[in-house]
Structure formats: C-alpha cells, structure tokens
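Colleague: Sequence below, structure please.
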Amino acid sequence: MLRRLLVQWASGFLGIVLVSAVLNPHVSLPPSDTPEYWSTAAGFAAVLAALNSLVRPALNTLLGPIKCLLTLATLGLTHFLIGALIFWLADTFIEAIEVESFTYLLLGALIMAIVGVIGSAVLGQKPDDKRS
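Modeller: Next up is the predicted model:
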C-alpha cells in the first residue's frame, strides 16, 4: 500500500508540473523559479494521492450501480468526471493552485490520468492492480 501511495504521489507530482506547463494561464501555480512552486506541486500530489486512495473508492462504492449505468451510457466519461471532481477537491485544499474553469479541470484530470498510467507502468505498479 505504501508503494502504491508513493507511485501515486510521484505520478501526481509529475502530472501537476506537466498540467501547469501545458495549461499555463488557465491552471496556475506559484512562479516556477521559487521553492513555493515545488512545495505546492508536492503538496498537491500528496493530497491527490490521498483523495484517490480514500474518496474515489468511497464514491465508487456509494454510486455502484448508478456509476455502472452512467459509465455505459456515456462510454466511460464518468471516469473522467470523477477524476475532475477529485482534481477539484485537491485544488480546494491547496490554495496556491488556481484553475480557471471546469473545462480546465477536465483537461487537467485527463493529463493527470495519462501521467498516472504511464507512471504506474514505469514505476512497476500495474494500472489494474487492486488493493492488496
């Protein structure tokens, strides 16, 4: 479990750095040449890893059959909507990050998901691994 959290944190750290670079005026962190930038990215990654470990499974359990039907009806879009919700929750905990609109939350969540899958593959955690 600790390894999974570390993989999620590292992927989240790289992901938020990439999101802030790609979506620069719309998703903003403190200036990149300051220590606050790196601490904000690290803090955001830690909060995101915790939320993905605690809140996402709770949402999946609570929404169970409804989520399954919505996922089928929207061809998987609900997965990204939940990702955007988790991204937004992490953003509310870390005040130094500013996200302009819901569209950029979705784009940020999409980039974070891609980086997370790549990070899990590179760091040895399979994306389909379940909790041990």
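Colleague: Buried residues in the helix or strand harbouring residue 122, which are they?
Modeller: With elements taken from DSSP states H and E, the one containing residue 122 is helix 102-123. Of the residues in helix 102-123, those buried under the neighbour-count criterion (16 or more other CB atoms under 10 Å) are 104-109, 111-113, 115-116, 119-120. Yep, even glycine has a C-beta here, placed from its N, CA and C like the rest.
Colleague: quick one: which of the residues you listed is nearest residue 49?
Modeller: Distance ranking of those against residue 49, using CB to CB, places residue 116 first at 9.8 Å.
Colleague: gap between the closest one and residue 4?
Modeller: Residue 116 sits 11 Å away from residue 4, taking CB to CB, to the nearest Å as the criterion.
Colleague: got it, and residue 36?
Modeller: As judged by CB to CB, residue 36 and residue 4 stand 28 Å apart.
Colleague: who has more neighbours, those two?
Modeller: Taking other CB atoms under 10 Å, residue 36 and residue 4 do not tie; residue 4 has more neighbours (17 against 13).
Colleague: Please compute how far the longest helix seen in the chain lies from its chain's middle.
Modeller: For the chain, the longest helix by residue count, based on DSSP state H, is helix 35-73. Relative to its chain's centre, helix 35-73 lies at 6 Å (CA atoms, centre = their mean, to the nearest Å).
Colleague: Going by contacts, tell me the helices and strands next to the helix or strand following that helix.
Modeller: Next helix or strand after helix 35-73 toward the C-terminus (DSSP H and E): helix 77-93. In terms of contacts (3 or more CB pairs under 8 Å, 6 or more residues apart in numbering; DSSP states H and E), helix 77-93 is packed against helix 35-73, strand 98-99, helix 102-123.
Colleague: ok, now which ones touch the closest residue to residue 22 other than its chain neighbours?
Modeller: Nearest in space to residue 22, with sequence neighbours left out and distances taken as CB to CB, 6 or more residues apart in numbering, is residue 111 at 6.4 Å. Residue 111 makes contact with 15, 18-19, 22-23 under the criterion CB atoms under 8 Å, 6 or more residues apart in numbering.
Colleague: how about those, which pair is most distant?
Modeller: 15 and 23 (11.6 Å).
Colleague: of those two, who's got more company?
Modeller: Using other CB under 10 Å as the criterion, residue 15 and residue 23 rank with residue 15 on top: 26 against 17.
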